[in-house]
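The following comprises the amino acid sequence and a computationally predicted model.
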Amino acid sequence: MNSGADGSMFPDINSSYRKETVNEIGVPVKRLLKQQRMSAVVSNPQNLMGNVYLRDKFKLPDPNRGKIPRQIGGASSTINAKPAGKASRPKRILPKSIRDDPAADGPKITEDDLQDGMMSLLNRGMIPKGVDVTPAFERGKAPFGFGRATIHNHSKKMLKKPKTPSITYKKPDSAEKNLFGPATFITAEEGFENSYLNNIQKSDDNLFPHHQYDKEEAKENELQNIEPENEAMSDIQEDQIQIREEEEEFQLNANDNQTAEGEGLYSMYQISIKGGKVVETSPEYMSFKRANITKWGAVSLVLYLLEKMLNLYHVPYASIDCHRLVALAEEELTRPNHEELLQCCINRSQVEEAINNPVKKFKGPSGPDLAAICVQKNWRRFKAYTAFTLLKYSMSKATIIQRRWRLYQLMKNTKAKIKQFNEESISEWKIMMKEFRRRWPDVKKKRRVEIHINSFSFAEEKRLSMEKFQQRENSQISRIFSVKDPKVDVIYVAPFTLTNEVYEYYKKILELGELEKPENRFHIVVPENYVKFKETMSLTQTLIYSPKAIKRIKTLIEERQAYIVPGLSTKEDVKLSINLGIPIMCGDPSKVGMYSTKSGAKRIFQQADVPSPISAYDIYDKREFEVSLCKLIAHNLYVNTWIFKIDDEFNGRGHAALNVDSIKTVIELRKRKFEITDNIIENKLVEVISKLLPKKVKIAMPSLYRNWDEYLEAFCHVGGVIEAAPSCNPKQVVSPSVSFFVAPDGEIDLIGSFDRFSAKEYINAGCFFPQVSLPNINLMTLCKSLGDILYEKGVIGHVTVDLVAFPDPTNPKAHPLFWAVDINCNLSDYAAACFHFDLLMEGRIDKFTGQYFVEVQKDPDELVDAEAAHESKDKTNKNEFFEPRSFMFCKYLHHPGLATIQFNTFFHMCRLESISYDMEKRTGSTFCLYDCLQGGVIGLITVGEHRKVTVNYMVEALNFIQNQAGVIPSKAVNEDSTRVDEINVGDVFSRVVSLVSYFKKGGYKSSNYYNKTHYF
C-alpha cells in the first residue's frame, strides 16, 4: 500500500500533480524548483529568509526582535509589541503671553501642529473659539460625493455556487484496498468531480468543470495548455506570468468602488481540506492566497485552526467558504471559536455529522487521546454538576434559613420595640389614671364629658355565638340619659349608623325630661370603618381602626375634662384611652377581667365576708373536676343540686346542673352514716359519677354546648366553679342583683337593685326594679363591704353583684337568706335601664332599701288606700305626696315579624291601642330601640306603682307586638353546627303570663307580700 509524503493513507498527489504540470507547461526545471523553494520559504512564518523577502517586496517594517516569534499560522508578534521609546511627544502649548491676554492674536501654526490634527489644535487653544474651520476641510478630495450607481450584469447575479459534496463512508473492495487501505472516507456524491481521486485519472483541463473563473484564471489555464517547442517559448511564458502577477497586484490596489466585485471573487473560491490538511496545490488555494497575501498572517491562523479542528475529529473532507474565512480573519482581536470555524464550512452539516458521530470521531490519529479527554470531560462534568446541584440545593436551603433567621430577628426586634413602646405607654397610662383618681373630687364638681362605649371585647369564638351581635352592643343606648346630670355631656359610640327615626325618638325622650337643646348635650359617633370589618368585631377595636371617628371625638372633648365609661374592659380600652389621651372609668383591665370571672368573685366574697355557697373553683382539668365534684358531694350529702359555671360566660350561657337525688350511690351514702375517706371518693365515687355525668347533667343552653363532652372541654379550657344550689324547692329561689358605682376616690353610690326572672332555667330574660326578695337588707352595707375590697384591688367604675335568695331552712318565716354568686365589673343592661327610668320619673332612690319614689300632687280626699295614706306621713306640703315606682324590663325581644312593620305605622298603632307612657301619672310602657324595626329586636320597659301593674302593662305590650308582628314563632330546631345563644321570645311571653296568673291570685295584696315575692 502506497502512502503520501505526509504519512497519510492518500498517495502523494502533490508530487504527481507537479510532474504532470512540468511536462505539460514545459517550464524549465530550474525555474520551477526556484518557485517551489520560494513558495515553501514564504509559507513558513518562522523562516527568516521568507520574512526578509516579504518585507522587501511589500515594504513592511522590521519586527521587534525582543519579542517571542509568532506561532505557526499566527499573526506577527509586532502587533501587540510595546514600542521601544515613548509613543507620543509633548505638544506645543499656547504661549503665556497669549494665555494671559485673550484679545491677543493667535500663535503661528507650524506644520508639526497640523500633523497633530484639528482636534488637538482646538483642545490646546491654538485655534481660538468661534473660528470657522470649514475651509480647512475643503482641501483635497471630498470624503463623500455624488455619482451614478453601478448597474451590474444580470448574469453575474444569477451565478450559482458549486454543489457541496457530501462525506460518505465507503468500504473499499479488494481492488481498492491496495490503494486506499481497509477503510477510508471518500466523496461519492453524484455529479461532483472536484475530487483529488478524479484528478489522478483526469487532466487539468477537466478540473472543476462547473466553476466559472475570472480572467486571470482563464489566462493561467491558457498558459498551462500551451506546449512549449523550444527555450524561446519558455521566455514568452515567463513574460506572460509576469504580466499576470502585475495585473493581480493592480487588482489588489484597486479603489473601494471595486469592493463588491472583489467580494464576488472571494465567493468563487472554495478551499478544500482533506485529511486535516489544506490542499495547497489547488488553483483555488493559490489564487486565493495571492489575492489575500497582505492579510495572510491572520488567514493562515484561521486555516491552522480549521486544520487542527478537522484533524482532531478525523473529518476526511471539508469545503471552506473563502469569503467567510476572510471575514473571520479580519477579526484579529478575538480568537475564533468552534461555532465560527464551522460557519466557514460549506458542507457544515456533513462536518457536524462527522464531528458528532461517536463511531467516527475517535478513529483519527488522536482518537484514543480524544476519547480519554471525552471520558474525563464527562466525568468531570458529572462531578461538577453533582457538586453544583448539591451546592445549589445547599445554597437554596441556606438562603431560606438566612431569610427566616433575618425575618425572625426582624420580628423579634419589632416585638421588642412594640413591647417597649407598650410598656412606656402603660406607664404613662398608669400615671394618668393615678392623677385622675387624685383629681376626681374636683372633676365631679365641674363640667365633664363621658364617652360611653358598650364594647363586647370577648373572645372571637364567643362573639360568633352571639345572635344579633351589633344590636346587643347597642342595647345600652340608654347610657345617653346620663345627661340628666347638668354637669355631664355624653358622647355615645354606636356600633352602626342609627336611622333618623331612632335618633329623633331618643331626642324626644330627652326633651320630655325637660332638657333644653339635648342635641348639644349628647353626640353619637359611629366608626366609619365598621362596614369594612366583620360584624362580630368588638366596638373598641373598630373605633381604634377608624381615624375619622377618633379625630371627631378629640374635637368634641378638646380642652375639656373627659373620661371613658367602657363596657367589658380589656386591653383594647387601654389602647383607646392612650390614643385619646384621657383616663378610663375602670381599673387595670387584667384585674377587672380576673375579678369578673366566677372564680375571681369567690376570692372577693371571702375577703369581704359576704356569704357564698359551698364551692370549688379554679378547676382546669377533667380529673380535677371529677374529684372536686365527688368530694363536694361526699362532704355535703344534704345538697341535692350542684351547679357548674364556666368562668368567663354571662347571662347563664355557661351554666349546667346535676341533680344527685336519683343517684343510687348518693342515696346509699345518705343512709349509711360512716366516714368517707379520700380513697373511697377517688376509687369508687369518681368512677360512678364520671359515668353518670353525660346522662344526668342538664345544660342550660344546649344550642351552645350540644353534649357533655363539649361543655366539659370548654369548662376545662377556660376554668370554672362548682357550687351548691340552695336546699329548698327551686321555685322558692330568686336572683336579686345590686348595681353600684365605685368612684375614683373610693366613694360608693347605689345605682339600683333588681329581681331577675328567667325565660327558662338559669337563662335571664329580664328584671324587676327594685328588688323585694331581701326586704330588710341594707344594700349600702353590702355595697360598701364589696366596693372597699374592689377599690383596694384597683377596680373602679360600675359593679353589679348577683345574689341568690332563699328561705331559711330552720325558720321559713324568718328573713330570707342570700348567697353572693357573681360579680360583673362593668355597667350591666339592667343598670343602664335605670338611667332611662330615672329620666322619666325624676324621682329619688332610697340608698338603703333600693326603693324608688316620685313626687305627685294629690287631694287628700282622693286618698282611699290606707297604705298610700300611711306612706304620705312624711309629706312636706299639704298636697305633696311620694309614691313608689317600679318597672319591669325585658331586655331582648327578637321577633322576625317586626322587620315588616314601618316605624310610623308601629307607633301610630301604639297610640290607638293605648300602648303608651303617661307623663302625668308617670306610668305606662316605653320601648328601647336598639336599631330600626327592620332589625327585629327591641327592648321594653313598663312602669307602675307596683309589680302587678308593670306585669299587666308588659302583657298588653307583648300582645300588641304579637298582633302587629304576627304569631310568636315557635322555637326553631338548630340542625346545623351553628352555635347560637338565642332566647326565644315565646319563652319570655310564657314567663310573663305565668307571673300574671300569680298576681291574679292576690299574692301582691298579702301582708306577707315582700316575703312571697321570692317565689318567682
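Sure, I can see it.

how close does Glu713 sit to Lys622?
Note on Glu713: its distance to Lys622, by C-beta to C-beta, to the nearest Å, is 9 Å. In short, each C-beta sits where N, CA and C put it, glycine included.

got any ranges where the protein has weak pLDDT?
By pLDDT under 70, the low-scoring segments of the chain are 1-30, 59, 63-88, 135-269, 364, 674, 857-880, 969-977, 1002-1016.

Nearest the geometric middle of it, what residue?
Nearest to the geometric centre of the chain sits Leu407, at 13.7 Å (C-alpha atoms, centre = their mean).

Now for Val449, which secondary structure element holds it?
If you go by DSSP states H and E, Val449 is part of strand 448-453.

Adjacent strands (with direction) for that strand?
Each strand paired with strand 448-453, and its direction, by DSSP bridges: strand 488-493 (parallel), strand 562-566 (parallel).

send the alpha carbons of that strand over as PDB?
The C-alpha atoms that make up strand 448-453 are tabulated as PDB, following Å, rounded to 0.1, in the frame of the first residue of the first chain:
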ATOM      1  CA  ARG A 448     -67.100  66.900  82.100                       C
ATOM      2  CA  VAL A 449     -67.600  64.600  79.100                       C
ATOM      3  CA  GLU A 450     -68.400  60.900  79.400                       C
ATOM      4  CA  ILE A 451     -67.500  58.700  76.400                       C
ATOM      5  CA  HIS A 452     -69.700  55.600  76.600                       C
ATOM      6  CA  ILE A 453     -68.600  52.600  74.700                       C
END
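
Give me the contact list for it.
Strand 448-453 has contacts (C-beta atoms under 8 Å, 6 or more residues apart in numbering) with 476, 479-480, 482, 487-493, 539-540, 543, 553, 556-557, 560-567, 573, 576, 580, 582, 585.

go with 6 Å
Strand 448-453 has contacts (C-beta atoms under 6 Å, 6 or more residues apart in numbering) with 479, 482, 488-493, 539, 557, 560-562, 564-566.

and the closest residue to Cys932 other than its chain neighbours, how many residues sit next to it?
Residue nearest to Cys932 in three dimensions, not counting chain neighbours: Thr499, with 4.6 Å by C-beta to C-beta, 6 or more residues apart in numbering. Neighbour count of Thr499, defined by other C-beta atoms under 10 Å: 16.

cool, the one 5 residues further on as well?
Each residue near Glu504 was counted by other C-beta under 10 Å, and the total is 12.

Name all residues that make contact with it.
Per C-beta under 6 Å, 6+ apart, neighbours of Glu504: none.

Now it: which helix or strand?
helix 500-512.

Could you tell me the angle between that helix and strand 488-493?
Put simply, helix 500-512 runs at 170 degrees to strand 488-493, going by axes from the mean of the first three to the mean of the last three C-alpha atoms, to 10 degrees.

next helix or strand past helix 500-512?
Toward the C-terminus, helix 500-512 is succeeded by strand 522-525 as the next helix or strand (DSSP H and E).

packing partners for that following strand?
Contacts defined by 3 or more C-beta pairs under 6 Å, 6 or more residues apart in numbering; DSSP states H and E place strand 522-525 against strand 488-493, helix 547-556.

element containing the residue nearest to the centre of the chain?
Assigned by DSSP H and E, Leu407 belongs to helix 367-443.

Ser735 - nearest residue in space that isn't next to it in sequence?
Arg756 (4.5 Å).

following the helix or strand hosting the one you found, which helix or strand shows up next?
Per DSSP H and E: Arg756 is located in strand 748-760. Proceeding N to C from strand 748-760, the next assigned helix or strand is strand 763-769, under DSSP H and E.

Next secondary structure after the host helix or strand of Glu353?
Taking DSSP H and E as the criterion, Glu353 maps to helix 348-356. Using DSSP H and E, the next helix or strand after helix 348-356 towards the C-terminus is helix 358-361.

buried ones in that next one?
For helix 358-361, the neighbour count (16 or more other C-beta atoms under 10 Å) marks Lys360, Lys361 as buried.

Pull that helix out as CSV, backbone CA atoms only.
In CSV, the C-alpha atoms belonging to helix 358-361 read as follows (Å, rounded to 0.1, in the frame of the first residue of the first chain):
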residue,chain,number,x,y,z
PRO,A,358,-19.1,8.8,18.2
VAL,A,359,-18.4,5.9,15.9
LYS,A,360,-16.2,8.1,13.6
LYS,A,361,-14.9,10.9,15.8
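
And the contacts of it?
Tyr313, Ala354.

next one: stretch 501-515 to chain centre, how far?
48 Å (C-alpha atoms, centre = their mean, to the nearest Å).

before we move on, what about stretch 837-848?
Counting by C-alpha atoms, centre = their mean, stretch 837-848 comes out at 56 Å from the chain centroid.

can you tell me the distance between the two ends of it?
End-to-end distance for stretch 837-848: 19 Å, by C-alpha to C-alpha, to the nearest Å.

which stretches of the stretch 201-350 of the chain form strands?
Counting by DSSP state E, counting those that start in this stretch, one finds strands in the stretch 201-350 of the chain at the ranges 270-274, 277-278, 317-321.

elements contacting the last one?
For strand 317-321, the packing partners by 3+ C-beta pairs under 6 Å, 6+ apart come out as strand 270-274.

which residues sit in contact with Ala832?
Gln476, Ser478, Arg479.

if we can go back for a sec, how close does the residue nearest to Ser735 sit to Phe769?
10 Å.

before we move on, the earlier item: quick one, the helix holding Leu407 and strand 562-566 angle?
With the same axes, to 10 degrees applied, the angle from helix 367-443 to strand 562-566 works out at 110 degrees.

And helix 367-443, how far out from the chain middle?
Distance, stretch centre to chain centre, for helix 367-443: 16 Å (C-alpha atoms, centre = their mean).

ditto for stretch 327-344
On C-alpha atoms, centre = their mean, the centre of stretch 327-344 falls 53 Å from that of its chain.

Name the residues that touch it?
Contacts for stretch 327-344 (C-beta under 6 Å, 6+ apart): Ala298, Val299, Val302, Leu305, Leu306, Met309, Ile320, Asp321, Arg324, Leu325, Arg348.

Let's see that with 10 Å instead.
75, 79-80, 263, 266, 271, 292, 295-303, 305-306, 308-310, 318-326, 348-349, 351-352, 355 (C-beta atoms under 10 Å, 6 or more residues apart in numbering).

quick revisit: the helix holding Glu353 vs strand 317-321, what angle?
Going by the same axes, to 10 degrees, helix 348-356 makes 140 degrees with strand 317-321.
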